[in-house]
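> Sequence and predicted structure below; questions after.
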Amino acid sequence: MRRLLRCLAVGWLSVASGCGFQLRGQAPLPPTLATPYLETGDRYTPLYAALVARLRAAGANLVADPAAASAVIRLHVDKSGRELLSVSTRNTPGEFEVYYTVEYSVGAGGGDLLARQQVTLTRDFSYDETAVLAKEHEERSLRAALADELAGLMLRRLAAL
């Protein structure tokens, strides 16, 4: 049985590699973003942490001085929050929408590589007043996931420069 499974696995791998299949991996950054400086008002947000991690994974060497940077990524707006979507018949919250908004631009050499852009992502979640701690944890997890997704979107746009 194990021999059959090994043969099937080897066969599948040879077919997959023969057709050109490969994992997507990380999109390479252009040379102008090799040593970026990340300018923001708050370095302790989930988006900042996710963006730093993604930039480093893509091979960027973040610098601490904007004068030494090849490009400056400016985070003008980095905010998240929640809005009430529905209430029950007893006038208690039923659903919330968590949102994360970022406005950013990229400049290099005194000019703009990427004009100011705004991106907003949202997720809905149900609310249960009997599980307040669990729902607060779910909301924090959703914000972290939205921040990571926004960082991925930003990096794909930066890779296209």
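Yep, it's here.
> Show me what the lengthiest helix in the chain is packed up against.
When the chain is parsed with DSSP state H, its longest helix is helix 132-159. Using 3 or more C-beta pairs under 8 Å, 6 or more residues apart in numbering; DSSP states H and E as the contact definition, the elements that helix 132-159 packs against are helix 46-57, strand 71-87, strand 93-108, strand 111-126. For every residue, glycine as well, the C-beta is placed using N, CA and C.
> of all these, which lies closest to residue 34?
For those, proximity to residue 34 was assessed by C-beta to C-beta; strand 71-87 is nearest, at 8.5 Å.
> what's the average pLDDT for the closest one?
Predicted confidence along strand 71-87 averages 93 (mean pLDDT).
> Give the partner strands of it in its sheet and their orientations.
Pairing partners of strand 71-87, with direction, according to DSSP bridges: strand 36-39 (parallel), strand 93-108 (antiparallel).
> got any ranges where this structure has weak pLDDT?
1-2, 4-5, 7-27 (pLDDT under 70).
> before we move on, back to that, so how far is the longest helix of the chain off the chain centroid?
Taking the mean C-alpha point of helix 132-159 and that of its whole chain, the gap between them comes to 6 Å (C-alpha atoms, centre = their mean, to the nearest Å).
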